[in-house]
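Novice: Give me a 3D structure for the following:
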Amino acid sequence: MKSDLFSTGNMAQQAAVPGMTLQNAKSIKYAVNGEMHARQGSMIAFRGNLQFERKGQGIGGMLKRAVTGEGLPLMAVRGQGEAWFAHEAANCFIVDIEQGDALTINGRNVLCFDATLSYEIKTVKGAGMTGGGLFNSVFTGYGKLGVICEGSPIVIPVSHQQPVFVDTDAVVGWSAQLHTSLHRSQSIGSMIRGGSGEAVQLKLEGEGFVIVRPSELTPQKASQN
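Specialist: Numbers count the residues shown, from 1 in each chain. Okay, the predicted model is just below:
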């Protein structure tokens, strides 16, 4: 049988080493030898001897059940084998987190990560319910984090001289050391007249970066997550 479908770029190869790699722009392959964590429901295929288990809140080696403002449950994947992860054909990226790093990621943008990483669910300071009641995952430790994004992300440097203002529905993540607060860019008079649709943003100050996606989260997408 012959077809471009069977090109080398589309064929899954046996993993040479354990861990996370990009299968292609829309999916992540993980060669599991022990345990890793992933967004529940994101596994699209696997081979080998693997078990998938949704876990509750735990201490030590147990997986926390992390529920963000978007309702994102996580699962533990254990055993030996290979698994592929994706979510609605979103673009996939792998972030290498080293000791001393701290990355804040919106729960809806987390796909999978090494069990060596630690994470904590936090309410975004300054956002409150006015900013959508943002809940983000703060990742620390050492390992790889698989991130998803609708469209090609934009990474914007943040400095003390140049704070950045982002739409709360478009933000993917940022350097955890940045200070966050709400910023109102529209006057009360403008809001009374109907507004521009861009009344409040998340303000990020300090030294670091912020990642945004080239679209806002629609109400339909929000209800599905």
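
Novice: Check which element follows the helix or strand of the chain with the lowest mean pLDDT along the chain.
Specialist: None of the helices or strands of the chain scores lower by mean pLDDT, DSSP states H and E than helix 188-192, at a mean of 46. Beyond helix 188-192 on the C-terminal side, the first helix or strand identified by DSSP states H and E is strand 200-205.

Novice: Only alpha carbons, please: show that next one as PDB.
Specialist: Extracted in PDB, the C-alpha atoms of strand 200-205 (Å, rounded to 0.1, in the frame of the first residue of the first chain):
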ATOM      1  CA  VAL A 200     -10.100  44.900  32.200                       C
ATOM      2  CA  GLN A 201      -6.700  43.300  31.700                       C
ATOM      3  CA  LEU A 202      -4.200  41.400  33.800                       C
ATOM      4  CA  LYS A 203      -1.200  43.600  34.500                       C
ATOM      5  CA  LEU A 204       2.200  41.900  34.900                       C
ATOM      6  CA  GLU A 205       5.200  43.700  36.400                       C
END
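
Novice: Direction included, what does the host helix or strand of G79 pair up with?
Specialist: Counting by DSSP H and E, the element that carries G79 is strand 74-85. Note on strand 74-85: by DSSP bridges, its sheet partners are strand 27-39 (antiparallel), strand 43-54 (antiparallel).

Novice: Can you give me the buried ones in the next helix-or-strand element following that strand?
Specialist: Where DSSP H and E defines the elements, the next helix or strand beyond strand 74-85 is strand 91-97. The neighbour-count check on strand 91-97 (16 or more other CB atoms under 10 Å) flags 92-95, 97 as buried. All C-beta spots, glycine's among them, are computed from the backbone N, C-alpha and C.

Novice: what's the answer for stretch 155-166, then?
Specialist: In stretch 155-166, counting by 16+ other CB under 10 Å, buried: 156, 158, 163-164, 166.

Novice: Good, we can wrap up now.
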